[in-house]
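S.K.: Any chance you could fold what I've pasted below:
(2 chains)
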Amino acid sequence: KAGVTQTPRYLIKTRGQQVTLSCSPISGHRSVSWYQQTPGQGLQFLFEYFSETQRNKGNFPGRFSGRQFSNSRSEMNVSTLELGDSALYLCASSWDRSTGELFFGEGSRLTVL
Amino acid sequence: GQQVMQIPQYQHVQEGEDFTTYCNSSTTLSNIQWYKQRPGGHPVFLIQLVKSGEVKKQKRLTFQFGEAKKNSSLHITATQTTDVGTYFCAGPLDDYKLSFGAGTTVTVRA
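M.R.: Presented below is the predicted three-dimensional model:
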């Protein structure tokens, strides 16, 4: 079966812009989690959605937001981009609980100039 | 705050040697998971341990969950170049959030 699909794979933005990243989970998976990965901070939890509801949120500023649609696809948005937002953004899906086995997408690599 | 810690951060290994990476949590975990991320890739699930004292093997990889369910280890024997990558442990610190350790990045000298 198809894996987790993230788009776009690469993007370059400038400070102050906003960005929207998309994630299509594995068919049948209802939980979608987002992580930010940077060399210095490792994998940092952003938020998790299940059935269109945000169940948990990490320690990120309000510029980071997300949502989930009825088909389980999820988007995350970062507004007013800062240089420090440059990172690999990973989406992970699971059947039910986001604390079970996670299936990661290949990520969206964001560079902020 | 609650967190999952992992050491060492880097492991340089001669091909054929063994090594171990360790993971510790500040709280008792319901389970511990291990993931591997190859250079330029994304994390891939390796295994989940649930029971106190549980030991699982996958070929040359041995995973262990501590008796108190607050620590775990990954031991790799006879390291090969295919073992290159970053190994992460992860534990659920609350119901809907999986907390990852900082990872151990493994390089192999042929």
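
S.K.: Can you give me the first-to-last residue distance of stretch A:76-90?
M.R.: Using Cα to Cα, to the nearest Å, one end of stretch A:76-90 lies 11 Å from the other.

S.K.: Go ahead and name everything in contact with it.
M.R.: The contact list for stretch A:76-90, computed with Cβ atoms under 8 Å, 6 or more residues apart in numbering or on different chains, reads A:6, A:13-21, A:23, A:34-38, A:43, A:46-47, A:63-66, A:91, A:104-105, A:107-113, B:42-43. C-betas here are computed from N, CA, C, even on glycine.

S.K.: Apart from its neighbours in sequence, what residue is nearest the spatially most central residue of chain A?
M.R.: Per Cα atoms, centre = their mean, the C-alpha nearest to the average position across chain A is that of A:W34, at 3.4 Å. Leaving out its chain neighbours, the residue that sits closest to A:W34 by Cβ to Cβ, 6 or more residues apart in numbering or on different chains is A:L46, at 4.0 Å.

S.K.: Cross-check the contact I'm expecting between the one you found and A:P61.
M.R.: No. Counting by Cβ atoms under 8 Å, A:L46 stays clear of A:P61, with 10.9 Å between them.

S.K.: Of these two, which one has the most company?
M.R.: Taking neighbours as other Cβ atoms under 10 Å in any protein chain shown, A:L46 and A:P61 compare with A:L46 leading, 22 against 11.

S.K.: ok, back up a step: mind listing what the residue nearest to A:W34 touches?
M.R.: A:S33, A:W34, A:Y35, A:Q36, A:K57, A:G58, A:F60, A:F64, A:G66, A:M76, A:Y89.

S.K.: Phi and psi next, for the third one.
M.R.: With angles defined as degrees, to the nearest 10, A:Y35 shows backbone torsions of phi -130, psi 150.

S.K.: and if you look at the second one?
M.R.: According to degrees, to the nearest 10, the main-chain angles of A:W34 amount to phi -120, psi 140.

S.K.: Write out the residues of chain A neighbouring chain B.
M.R.: A:31, A:33, A:35, A:42-43, A:45, A:48, A:50, A:55-56, A:58, A:90, A:92, A:97-107 (Cβ under 8 Å from any Cβ of the partner chain).
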